[in-house]
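[1] got a predicted structure plus its sequence, pasted below:
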Amino acid sequence: MSRSVLVTGGNRGIGLAIARAFADAGDDVAVTYRTGEPPKELTDLGCLAVRCDITDPEQVEGAYKEIEEKQGPVEVLVANAGVTRDQLLLRMSEKDFSTVLETNLTGTFRVVKRATKRMLRARTGRIVLISSVVGLLGSAGQANYAASKAGLIGFARSIARELGSRNITCNVIAPGFVDTDMTKALSDEQRANIVEQVPLGRYAQPEEVAASVRFLASDEAAYITGAVIPVDGGLGMGH
């Protein structure tokens, strides 16, 4: 049976791959995007594209109402939307720090809280948060991003304890370096230096992250909650 799935930030990169994976499996998929226009691929897949800035509570509420009207209450939530404002600590502004925390952590709080209202009534649900290996091992110049992504882990495990008795699971995926437009913009030297740190010696493909997300949302993963699944080629081992 198809489920109602929401992927925040599902218009490109990892989020688009996740949306594609659920749509290919026959689920009804909605994606949020903040700016520009959603890619034609989403329309071709039959996905519902909803403009929503997750830093705005009213937009979050409006997005959920549209999704519930068009494809039913969200049964699977993938909180993927996020931003970066990289800078060394001494040069990082208050705005650089607060913008990243407001989007990556507080924004996730908003979309999860809204989804769980209906999940609690249904006594079932799957929540997957997209964190990062950076949230586990840190990264110079990314104190704001690392803090936000580490915060998702504590948040997810608290939610897992709160909602487990209602058959609602909450897990975390922690991707490493993924082959997206963002990483393709790096120089060949930068890409080579990154790959040297990865035991498997390559970048992840977005589809590999998406496969792990789909597994955590499946019946086969019904007894997994509060887990952090690294999809990082071994980069974060020991963290």
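    Right, received. Where do you want to start?

[2] please report phi then psi for the most centrally placed residue in the chain.
    With distances taken as CA atoms, centre = their mean, N80 lies nearest the centre of the chain, 2.1 Å away. Phi and psi for N80, reported as degrees, to the nearest 10, are phi -110, psi -20.

[3] next SSE after the worst-scoring helix or strand of the chain on mean pLDDT?
    Ranked by mean pLDDT, DSSP states H and E, the weakest helix or strand in the chain is helix 181-184, scoring a mean of 72. In the C-terminal direction, the helix or strand that comes right after helix 181-184 (DSSP states H and E) is helix 188-196.

[4] dihedrals phi and psi, D219?
    When read as degrees, to the nearest 10, the backbone of D219 gives phi -60, psi -30.

[5] same for the longest strand along the chain, what does it pack against?
    For the chain, the strand with the greatest residue count under DSSP state E is strand 168-175. If contacts are counted by 3 or more CB pairs under 8 Å, 6 or more residues apart in numbering; DSSP states H and E, strand 168-175 sits against helix 107-122, strand 125-130, helix 143-163, helix 206-216, strand 228-231. Any C-beta I mention is one placed from the backbone N, CA and C, and that applies to glycine too.

[6] the last one pairs with which strands?
    Pointing back at strand 228-231 there. Take DSSP bridges as the rule and strand 228-231 pairs in its sheet with strand 168-175 (parallel).

[7] re earlier: the residue nearest to the centre of the chain: what's it in contact with?
    If a contact means CB atoms under 8 Å, 6 or more residues apart in numbering, then N80 has V7, T8, G9, G10, I14, G15, I18, I130 as its contacts.

[8] apart from its chain neighbours, what residue comes closest to the fourth one?
    Nearest-residue entry for G10: V31, 2.9 Å, with adjacent residues in sequence omitted and distances by CB to CB, 6 or more residues apart in numbering.

[9] surely that neighbour is in a strand?
    Yes: checked against DSSP: H, G, I helix; E, B strand; the rest coil, V31 lies within a strand.

[10] that one reaches N11, doesn't it?
    Yes: the pair V31 and N11 passes the contact test of CB atoms under 8 Å, sitting 6.0 Å apart.
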